[in-house]
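**Q** Turn this into a structure:
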Amino acid sequence: MRVLITGGAGFIGQRTGELLLKQGHQVTILDNLSPPAHDGPPALPAGMDLVEGDIRKREDWVKALKENEVVLHLADHHDYLPSFSKLFHVNTVGTAILFELLLEGKPSVRRVVLGSSMAVYGEGKYRCGKDGDVYPQPRRVDALERGIWDPPCPVCGGAITPMVTDESVARPTSAYGLSKLAQEELVRLLGDRHGIEWVILRYGAVQGRAQPFQNAYYGALRIFALRLAHGQPPLLLEDGNQLRDFIDVDDVARANVMALAGLPTGAYNVASGRAHTLMDLARILLRVAERDLAPETPGRYRVGDARHAVPEVSRMKAAGWEAQIGLEAMAREYWQWLTSQPNLDTYFEGADHLMERTGTVRVAR
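**A** The predicted structure is shown next:
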């Protein structure tokens with residue numbers, strides 16, 4: 001296959017490109033190499049053709065598309081700061097430009113695989129003892145301010161239990177999630193209408209070796225590990241009992257290659273199928289790092305975060321894919337990699353201060 005990977009110099013893109021090269025495919029990457037994900041020219045494997053450019057510019061798409069047969073569209077803007085217009089300009093408009101060009105005469109491109117996110121689900125599915133399966137509304141700011149972390153039943157207001165969430169219902173609680181859902185709907189609508197094969201992969205919390213520590217706004221493993229490397233305990237949002245599905249980047253790369261090669265049209269959750277709390281992750285990291293510290297939960301929270309995110313993974317399993325790397329192995333490998341890197345001090349304090357100053361992260365009363 002001749003494959004174009006947008007955002008291909010990034011964490012997931014590079015790992016996928018390396019796997020494709022090993023299998024004998026031709027790989028072109030389109031990336032703007034912008035900070036904080038990049039702090040200089042990347043050291044790409046031999047054989048990757050780099051086009052430095054921006055998915056918001058038609059001319060850069062034209063240079064990158066060439067004679068490629070499939071597009072793995074990973075380039076996006078992911079930010080907890082109030083950069084709402086940029087989220088939609090990059091994620092949604094950039095994707096619309098791709099389809100405009102495909103319809104203008106790129107017959108060589110037969111398939112588009114979109115890297116999406118569990119953020120499209122918002123709170124996902126819960127179960128109420130009285131009302132059955134429900135999908136809660138975004139948590140109210142006044143409840144978060146009082147340290148009430150769990151969402152109530154949207155029908156009776158009572159307690160509810162988080163359940164695994166399949167691909168059928170998407171209700172974002174953040175601007176990022178909304179921009180990804182709009183991006184998905186463009187791919188789905190235009191792909192079906194114009195005969196372009198499409199697959200949407202909704203990734204869990206992707207972690208693993210070489211996840212850049214320069215981008216310390218999100219990614220629990222790298223944030224916790226960066227604090228540990230400076231002798232400080234993991235600092236958890238809320239009470240640390242939020243459920244997440246952490247998946248290793250190598251497992252994600254295998255899912256990407258499967259989707260490029262011919263996974264049937266549709267949306268698929270790409271996750272480990274094993275939910276852990278953030279507290280679980282922090283304690284596992286403390287153990288593998290051999291640090292005698294205790295995680296801290298000072299009541300900080302981010303508006304727009306989902307309380308729990310527990311994806312159903314049966315569709316990918318039925319297609320023949322399953323995660324292979326466990327959370328402890330993932331944490332150990334990342335810790336070993338991070339502690340071998342130079343200049344960690346440069347990236348330690350800035351992100352926390354910026355998010356507090358902009359009101360992105362707040363403290364419950």
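
**Q** Walk me through the domains of this protein.
**A** 2-125+164-363, 126-163 (automatic domain parsing).

**Q** and those domains, which one's lowest on average pLDDT?
**A** Ranked by mean pLDDT, these bottom out at domain 2-125+164-363, with a mean of 93.

**Q** Run through who's touching the lengthiest helix in the chain.
**A** Across the chain, the longest stretch assigned as helix under DSSP state H is helix 175-194. With contacts defined as Cβ atoms under 8 Å, 6 or more residues apart in numbering, helix 175-194 is touched by 73, 76-80, 84, 87-88, 91-92, 95-96, 99, 102-103, 112, 114, 116-117, 119-122, 170, 172, 196-198, 200, 265, 267, 304. (Each C-beta comes from the backbone N, C-alpha and C, glycine too.)

**Q** List the buried residues in that helix.
**A** 175-184, 186-188, 190-191 (16 or more other Cβ atoms under 10 Å).

**Q** So what would you say the end-to-end distance of stretch 300-319 is?
**A** For stretch 300-319, the first-to-last residue distance is 40 Å (Cα to Cα, to the nearest Å).

**Q** Buried ones in it, by neighbour count?
**A** 300-313, 315-316, 319.

**Q** can you count the residues close to residue 9?
**A** 24 (other Cβ atoms under 10 Å).

**Q** just checking, it touches residue 45?
**A** No: with contact defined as Cβ atoms under 8 Å, residue 9 does not reach residue 45; the gap is 10.9 Å.

**Q** filter the contacts of helix 175-194 to the buried ones?
**A** In the contacts of helix 175-194, the ones that pass as buried (16+ other Cβ under 10 Å) are 73, 76-80, 87-88, 91-92, 95, 99, 102, 112, 114, 116-117, 119-122, 170, 172, 196-198, 200, 267, 304.

**Q** just to revisit the earlier point, just the ones of the buried residues of stretch 300-319 in strands?
**A** Members of the buried residues of stretch 300-319 lying in strands (criterion: DSSP state E): 300, 301, 302.

**Q** Nearest to residue 246 among those residues?
**A** Nearest to residue 246 among those: residue 302, at 17.9 Å, using Cβ to Cβ.

**Q** and the closest residue to that closest one other than its chain neighbours, how many neighbours does it have?
**A** Take residue 302 and drop its neighbours on the chain: the residue closest to it by Cβ to Cβ, 6 or more residues apart in numbering is residue 361, 5.5 Å away. Neighbourhood size, residue 361 [other Cβ under 10 Å]: 20.

**Q** my read: residue 361 touches residue 299, true?
**A** No: Residue 361 lies out of contact with residue 299 (Cβ under 8 Å); the separation is 10.8 Å.

**Q** How about the secondary structure of residue 41?
**A** Under DSSP: H, G, I helix; E, B strand; the rest coil, the three-state class of residue 41 is coil.

**Q** can I assume it is in contact with residue 31?
**A** No: between residue 41 and residue 31 there is no contact under Cβ under 8 Å: 10.5 Å.

**Q** The two: which is more packed in?
**A** Per other Cβ under 10 Å, whichever of residue 41 and residue 31 has more neighbours is residue 31, with 27 against 10.

**Q** partners of that one in the sheet?
**A** residue 52 (DSSP bridges).

**Q** How about the contacts made by residue 287?
**A** Residue 287 is in contact with residue 328, counting by Cβ under 8 Å, 6+ apart.

**Q** switch to 10 Å and redo it
**A** 328, 331, 332 (Cβ atoms under 10 Å, 6 or more residues apart in numbering).

**Q** In three-state terms, label the first one for me.
**A** What it means is residue 328. With three-state DSSP as the criterion, residue 328 reads helix.

**Q** Check whether it really touches residue 289, as I assumed.
**A** No: using Cβ atoms under 10 Å, residue 328 is not in contact with residue 289, being 11.6 Å away.

**Q** out of those two, which sits in the busier spot?
**A** Taking neighbours as other Cβ under 10 Å, residue 328 and residue 289 compare with residue 289 leading, 18 against 13.

**Q** ok, now which ones touch that one?
**A** 224, 225, 228, 229, 331, 332, 335, 336, 338, 339.

**Q** any idea which helix or strand carries the third one?
**A** Assigned by DSSP states H and E, residue 228 belongs to helix 220-229.

**Q** Need the residues touching each of residue 41 and residue 31.
**A** Counting by Cβ under 10 Å, 6+ apart, the residues touching both residue 41 and residue 31 are 9, 50, 52.

**Q** Break down the stretch 251-365 of the chain into its helices, ranges please.
**A** 278-289, 314-318, 327-338, 350-357 (DSSP state H, counting those that start in this stretch).

**Q** just the stretch 1-150 of the chain next, same as before
**A** 11-22, 58-65, 84-88, 94-103, 141-145.

**Q** hey, which of the ones you listed is tucked in deepest?
**A** Of all these, helix 11-22 carries the top mean neighbour count, a mean of 21, counting by mean count of other Cβ atoms under 10 Å.
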